[in-house]
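Visitor: Got a predicted model here, sequence first, then my questions.
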Amino acid sequence: AFAVRVLGLDLYPWQRWLLIPAGELLPDGRPRFRKVLVEVARQNGKTFVPVVLAAYWLFVERVSLVLGTSTTLDYAREPLDKVVALVESTPALRRPCPTRWVRQTNSQHRAFLHRRRGELEPPRYQVAARGPGAGRSLRVRRLVTDGLREDHDYKTWDASYNAMRAVGDAQAWALSNAGGASSIVLNDMRDLAVEGVDELGYFGWTAPATADVRDVEALLQANPSIGYGEISLESLLPDAAAALRV
């Protein structure tokens, strides 16, 4: 409702569906899933999901800190830049923001709102570089990690996720396209979710592991935006055929 009525966005059906069960709450108000893993093929609008979420967290839930990490600092800044663009184009959101509500320097990339009465600190969104220092000394309420397939060890994930440890209603979102044997964190997290570990939700749009890369049904399973966005089956089939020749 926030995406449609406030931001004026028309989400893809898979994005709209994802946000509903992944956003479920327990009776005490905490997120049902402390960790949310989203796996979907490239170019399907995966990165736009945390953009909508971040705007909602900042302006509706008023969370004190949203932390974004990715494979590089530039990639981590991309969702933040898109949030800023959305807010700047939405008068109802831009008006209550400080005049200089975005700070982007060599060492800081963040956006923040005014602190309301009763709030210990103002809501803010900032990004961190990949590595063992991601999230260190911070108290994170919402974590967004994009490109989880590139985490070949637990240094970045442990540093950022542990920054949520003392926050009872925190939630981490990890998003990725399919990984390989070296995608340790992604593979481990998916396995745990399939086993039914509490507070871990897995939302995957993937092709069967044994499917032929030219299998239309398999391609549709992994690309839920086909028929709604710019991605098309006609553009995927030549790439699939080319992959067999490599």
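Guide: Received, thanks. Numbers count the residues shown, from 1 in each chain.

Visitor: What segments of this structure are strands?
Guide: 35-40, 66-69, 102-104, 109-112, 124-127, 142-146, 171-176, 200-205 (DSSP state E).

Visitor: Run through the helices of the protein in chain order.
Guide: 13-22, 48-56, 73-88, 91-94, 155-161, 184-195, 216-222, 233-245 (DSSP state H).

Visitor: Put together JSON lines for the strands of the chain, with distance to Pro238, mean pLDDT and mean neighbour count on each row.
Guide: All C-beta atoms are positioned from the backbone trio N, CA, C, and that covers glycine. JSON lines is the format used below for the strands of the chain (distance: least, CB to CB, whole Å; pLDDT from 0 to 100; neighbours: other CB atoms under 10 Å):
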{"stretch": "strand 35-40", "distance to Pro238": "21", "mean pLDDT": "97", "mean neighbour count": "24"}
{"stretch": "strand 66-69", "distance to Pro238": "34", "mean pLDDT": "94", "mean neighbour count": "28"}
{"stretch": "strand 102-104", "distance to Pro238": "39", "mean pLDDT": "89", "mean neighbour count": "14"}
{"stretch": "strand 109-112", "distance to Pro238": "38", "mean pLDDT": "92", "mean neighbour count": "21"}
{"stretch": "strand 124-127", "distance to Pro238": "35", "mean pLDDT": "94", "mean neighbour count": "22"}
{"stretch": "strand 142-146", "distance to Pro238": "27", "mean pLDDT": "95", "mean neighbour count": "27"}
{"stretch": "strand 171-176", "distance to Pro238": "24", "mean pLDDT": "96", "mean neighbour count": "24"}
{"stretch": "strand 200-205", "distance to Pro238": "21", "mean pLDDT": "96", "mean neighbour count": "18"}
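
Visitor: would you list these in JSON lines and tack on distance to Val6?
Guide: Formatted as JSON lines, the strands of the chain follow (distance: least, CB to CB, whole Å):
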{"stretch": "strand 35-40", "distance to Val6": "22"}
{"stretch": "strand 66-69", "distance to Val6": "17"}
{"stretch": "strand 102-104", "distance to Val6": "19"}
{"stretch": "strand 109-112", "distance to Val6": "17"}
{"stretch": "strand 124-127", "distance to Val6": "17"}
{"stretch": "strand 142-146", "distance to Val6": "18"}
{"stretch": "strand 171-176", "distance to Val6": "20"}
{"stretch": "strand 200-205", "distance to Val6": "24"}
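
Visitor: Out of the ones you listed, which gets nearest to Leu233?
Guide: Closest approach to Leu233 among these (CB to CB): strand 200-205, 14.7 Å.

Visitor: orientation of that closest one relative to strand 35-40 in degrees?
Guide: Inter-element angle recorded for strand 200-205 and strand 35-40: 10 degrees (by axes from the mean of the first three to the mean of the last three CA atoms, to 10 degrees).

Visitor: Which neighbours in the sheet does strand 200-205 have, and how are they oriented?
Guide: Sheet pairing of strand 200-205 (DSSP bridges) gives strand 35-40 (parallel).
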